[in-house]
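A.B. asks: show me the folded form of this:
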Amino acid sequence: MRASDFEYRHQTLVHLLVLGLAFLTYAFQPDDIVWAFVKHHTIYRTLWERLVFGTGALMIVCSAAVQTWVWAYRVPGASAENSVAAESYRYIGYPIYFGRLLFAFGIGLLAPMSGTAILLGGEIVLVLRLISRDRTNAGESSRTQEPAPFPSIVPARALHANWKEGLRKEASKWGLAVTMIVFTLTLRDRVAEILAALSFLLWFTLNVRDLVPRRERNENA
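C.D. replies: Here you go, the predicted model:
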């Protein structure tokens, strides 16, 4: 059940594909999962919506915070395939994967019921496959007396956080956190759609250079 090379090297792309499939279910299922459950209740319907979406917003904020923290302390080049500067880290688990699951649970509340199932199921399967690969690589590293690599890490005290890098990497999640908060307050779909589109545009603008293969960037330099 290990992740393939493609899944490991293109995690963002695979994540976006799962997210896209989840929200494409609006084509045949017009109601999000929360509205599908509360629309027939006339008492406290708005209150229930705000409570549930507010919980989702909190999950997305926590996800963005966790993943920003991980990216901020990540040493460039360190990975489960290449433990560059990994001696500066110590093993604690998989915080970035925990952040991904938190995000899936939070943003999944905006999708139809079938879309939520696709998103949660897809993300859980992907994370389990990535963890399986990381454990295999960590086992190989321990046999060669190499330290456990990113993302199974926390930073050593000597390292300084690059919060600018962390915020750049997770710009879309912070934008979607704002989107979810605004939607919780207004319950207006159009507002959420516009803010979500702007969040993706912001992330794409800040991270487009990472989407270009490194070899091609070096040839053009």
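
A.B. asks: next secondary structure after the helix or strand bottoming out on mean pLDDT in the chain?
C.D. replies: Lowest by mean pLDDT, DSSP states H and E among the helices and strands of the chain is strand 89-90, with a mean of 42. Per DSSP states H and E, the first helix or strand lying C-terminal to strand 89-90 is helix 95-107.

A.B. asks: quick check: buried residues in the helix or strand that that following helix is followed by?
C.D. replies: Scanning forward in sequence from helix 95-107 by DSSP H and E, the next helix or strand is helix 113-143. Buried residues in helix 113-143, counted by 16 or more other C-beta atoms under 10 Å: 113-116, 118-120, 122-123, 126-127, 129-131, 133-134, 137-138, 141. Heads up, the C-betas are built off the backbone N, CA and C, glycines and all.

A.B. asks: with stretch 50-68 instead?
C.D. replies: Across stretch 50-68, burial judged by 16+ other C-beta under 10 Å covers 50, 52-53, 56-68.

A.B. asks: got it, and stretch 180-199?
C.D. replies: 180-184, 192, 195-196, 199.

A.B. asks: for this protein, which segments count as strands?
C.D. replies: With strands called from DSSP state E, the chain shows them at 89-90, 154-155.

A.B. asks: okay, the residue lying closest to E170 once chain neighbours are set aside: pLDDT?
C.D. replies: Nearest non-adjacent residue to E170, counting by C-beta to C-beta, 6 or more residues apart in numbering: T68, 4.6 Å away. pLDDT recorded at T68 is 91.

A.B. asks: quick check: which ranges of this structure have low pLDDT?
C.D. replies: For the chain, the stretches with pLDDT under 70 are 75-93, 137-159, 211-221.

A.B. asks: surely T68 is in contact with A161?
C.D. replies: No - taking contacts as C-beta atoms under 8 Å, T68 lies outside contact range of A161: 9.4 Å.

A.B. asks: which residues are in contact with the nearest residue to P112 once chain neighbours are set aside?
C.D. replies: Using C-beta to C-beta, 6+ apart and skipping residues adjacent in sequence, the residue nearest P112 is Q29, 3.7 Å away. By C-beta atoms under 8 Å, 6 or more residues apart in numbering, the contact list for Q29 reads 112-115.

A.B. asks: can you put the residues you listed in JSON lines and add distance to S4?
C.D. replies: Below are the contacts of Q29 laid out as JSON lines (distance: C-beta to C-beta, whole Å):
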{"residue": "P112", "distance to S4": "29"}
{"residue": "M113", "distance to S4": "29"}
{"residue": "S114", "distance to S4": "26"}
{"residue": "G115", "distance to S4": "25"}
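
A.B. asks: for R74, state which of those residues is nearest.
C.D. replies: Lowest distance from R74 to the contacts of Q29 (C-beta to C-beta) belongs to G115, with 30.9 Å.

A.B. asks: quick one: the helices in this protein, in order.
C.D. replies: With helices called from DSSP state H, the chain shows them at 5-9, 11-24, 33-38, 45-73, 95-107, 113-143, 163-169, 171-186, 189-211, 214-220.

A.B. asks: alpha carbons only: can I get stretch 203-211 in PDB?
C.D. replies: This file holds the C-alpha atoms of stretch 203-211, laid out as PDB (Å, rounded to 0.1, in the frame of the first residue of the first chain):
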ATOM      1  CA  TRP A 203      -1.700  30.300  -4.100                       C
ATOM      2  CA  PHE A 204      -1.000  29.800  -7.800                       C
ATOM      3  CA  THR A 205       0.600  33.200  -8.200                       C
ATOM      4  CA  LEU A 206       2.900  32.600  -5.200                       C
ATOM      5  CA  ASN A 207       3.800  29.000  -6.000                       C
ATOM      6  CA  VAL A 208       3.800  28.900  -9.800                       C
ATOM      7  CA  ARG A 209       7.600  28.600  -9.800                       C
ATOM      8  CA  ASP A 210       7.400  25.300  -7.800                       C
ATOM      9  CA  LEU A 211       5.100  23.800 -10.500                       C
END
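
A.B. asks: sounds good, over and out.
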